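Peer 1: After the sequence you'll find the predicted model.
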Amino acid sequence: MKKRLNIWIVSLGLLVLLVAAMALCSTVGVVHFDRKSLLESQIFWNLRLPRVILSVLVGAALSVCGATYQSVFRNPLTDPYVLGISSGASLGAAIAILLGLEAHLWGVGGFALLTALLTILLIFKIASIGNRMHTTTLLLTGVCLTFLITAVISLLMALRQDKMESIIFWTMGSFASSSWLDVWIVLPVVTVGMLVVLFYSKDLNLLLVGSETAQSLGVEVEKVRRRLLLFTTLMVAFCVAACGVIGFVGLVVPHCVRLICGADNRRIIPYSIFVGGLFLLLCDTLARTMIPPNELPVGSITSLLGAPMFIYLLYKSKRKI
């Protein structure tokens, strides 16, 4: 009971911090607002505010997905970007763009979802030996698929140079074209997905111990894995459809949270929601304010922070691998 109360208190504190950061970041940019003009500005309501909200939603979703993958696969080096799921979703988005489906509500998002699901199924097929999944093979498969998909996307851009700019958007990640429509599409998927992961947070702790142990303690291992991977893949796909590929958020945030609060997923998952949202919000604010009036791709900011941490984790765990 005391532990739950502590989780609620910390979560509430993080929520207050996140809301304060959203309020501050929504006023920062090329166009400056005073208190009187802020609430009357169409730039604030139609451009700045949906961008801030979407960056928080995507950051929270990618962080929760990263924490989930690390527990399901029992490997601290996994996240949607490293596994190739984000790249798989971006391939579907690129194909949809080439087919001219941007104007359709589920065009880009539907293709992103389909290729993300196919990517995770292919990873399972390659990395599984019977009912077990070899973590080294899993990581290598993800890296190889990412290179393969990047090559395919590059080929598509070379063949259709008129669509190159739109496709580059997906491969580098950006919130520059965020709209309220993106928010309303992503919000229900991310909300449901995070609730599902929160519901299974205790089972995730048992999966960390091992499949056989979790099974003996009453966890329906394969059923739980399938549900978690389905909903997390859905979240990744819709996030990629909204803003493109943003790497390493799912790697950096859960590890930072884990270093502070320990390995209990009942803490890691809720804290990652708020910390992930805050992290990507600050990265996007940097991306649009560092070299005004131009913008940097937010994916480049997160990669600059995430790649060194990934290298450090590889170095730290090289004996185990």
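Peer 2: Arrived safely. Numbers count the residues shown, from 1 in each chain.

Peer 1: Count the residues that sit near residue 171.
Peer 2: Using other Cβ atoms under 10 Å, residue 171 has 21 other residues around it. All C-beta atoms are positioned from the backbone trio N, CA, C, and that covers glycine.

Peer 1: er, residue 161 actually
Peer 2: For residue 161, using other Cβ under 10 Å, the count is 9.

Peer 1: Residue 165 now?
Peer 2: Residue 165 has 10 nearby residues by other Cβ under 10 Å.

Peer 1: Against residue 12, how distant is it?
Peer 2: 43 Å (Cβ to Cβ, to the nearest Å).

Peer 1: Then residue 5?
Peer 2: From residue 5 to residue 12 the distance is 11 Å (Cβ to Cβ).

Peer 1: Residue 66 now?
Peer 2: From residue 66 to residue 12 the distance is 23 Å (Cβ to Cβ).

Peer 1: Neighbour count: these two, which is higher?
Peer 2: Legend: neighbour count by other Cβ under 10 Å for residue 66 and residue 12, higher for residue 66 (29 against 11).

Peer 1: Can you tell me the SS state at the more buried one?
Peer 2: helix (DSSP: H, G, I helix; E, B strand; the rest coil).

Peer 1: If you drop the residues flanking it in sequence, what lies closest to it?
Peer 2: residue 250 (2.3 Å; Cβ to Cβ, 6 or more residues apart in numbering).

Peer 1: List the contacts of the one you found.
Peer 2: 62, 63, 65, 66, 67, 69, 79, 80, 81, 276 (Cβ atoms under 8 Å, 6 or more residues apart in numbering).

Peer 1: and if you look at residue 256?
Peer 2: So residue 256 contacts residue 275 (Cβ under 8 Å, 6+ apart).

Peer 1: do residue 63 as well
Peer 2: Contacts for residue 63 (Cβ under 8 Å, 6+ apart) come out as 249, 250, 253, 254, 272, 273, 275, 276, 277, 279.

Peer 1: so the fourth one touches residue 268, yeah?
Peer 2: In other words, residue 254. Yes - between residue 254 and residue 268 there is a contact under Cβ atoms under 8 Å: 6.1 Å.

Peer 1: Give me the common contacts of the two.
Peer 2: By Cβ under 8 Å, 6+ apart, the residues touching both residue 254 and residue 268 are residue 67.

Peer 1: Now do the helix or strand containing residue 224: which elements does it pack against?
Peer 2: Counting by DSSP states H and E, the element that carries residue 224 is helix 221-243. Counting contacts by 3 or more Cβ pairs under 8 Å, 6 or more residues apart in numbering; DSSP states H and E, helix 221-243 packs against helix 49-72, helix 85-98, helix 107-127, helix 180-199, helix 201-209, helix 211-216.

Peer 1: try 10 Å
Peer 2: When contacts are defined as 3 or more Cβ pairs under 10 Å, 6 or more residues apart in numbering; DSSP states H and E, helix 221-243 packs onto helix 49-72, helix 85-98, helix 107-127, helix 164-172, helix 180-199, helix 201-209, helix 211-216, helix 249-261.

Peer 1: which one of the ones you listed lies closest to residue 150?
Peer 2: Between residue 150 and the helices and strands packed on helix 221-243, the shortest gap by Cβ to Cβ is with helix 85-98, which sits at 6.5 Å.

Peer 1: What helices and strands are in contact with the closest one?
Peer 2: Using 3+ Cβ pairs under 10 Å, 6+ apart as the contact test, the elements touching helix 85-98 are helix 49-72, helix 107-127, helix 135-159, helix 164-172, helix 221-243, helix 249-261.

Peer 1: Please identify the most buried of those helices.
Peer 2: helix 49-72 (a mean of 27; mean count of other Cβ atoms under 10 Å).

Peer 1: Next, the angle from it to helix 135-159.
Peer 2: 140 degrees (axes from the mean of the first three to the mean of the last three Cα atoms, to 10 degrees).

Peer 1: what about the stretch 51-200 of the chain, any weak spots by pLDDT?
Peer 2: Scanning the stretch 51-200 of the chain for pLDDT under 70 picks out 102-106, 129-136, 169.

Peer 1: rerun that using 90 as the cut-off
Peer 2: For the stretch 51-200 of the chain, the stretches with pLDDT under 90 are 69-182, 185.

Peer 1: Run through the residues that contact the closest residue to residue 298 other than its chain neighbours.
Peer 2: Nearest residue to residue 298, sequence neighbours excluded (Cβ to Cβ, 6+ apart): residue 287, at 4.4 Å. Applying Cβ atoms under 10 Å, 6 or more residues apart in numbering to residue 287 gives the contacts 55, 173-176, 280, 295-302.

Peer 1: Residue 99 now?
Peer 2: Residue 99 neighbours (Cβ under 10 Å, 6+ apart): 107, 108, 111, 163.

Peer 1: got those residues as a markdown table, with distance to residue 29 columns?
Peer 2: Formatted as a markdown table, the contacts of residue 99 follow (distance: Cβ to Cβ, whole Å):
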| residue | distance to residue 29 |
| --- | --- |
| 107 | 30 |
| 108 | 26 |
| 111 | 32 |
| 163 | 29 |
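
Peer 1: Many thanks, have a good one.
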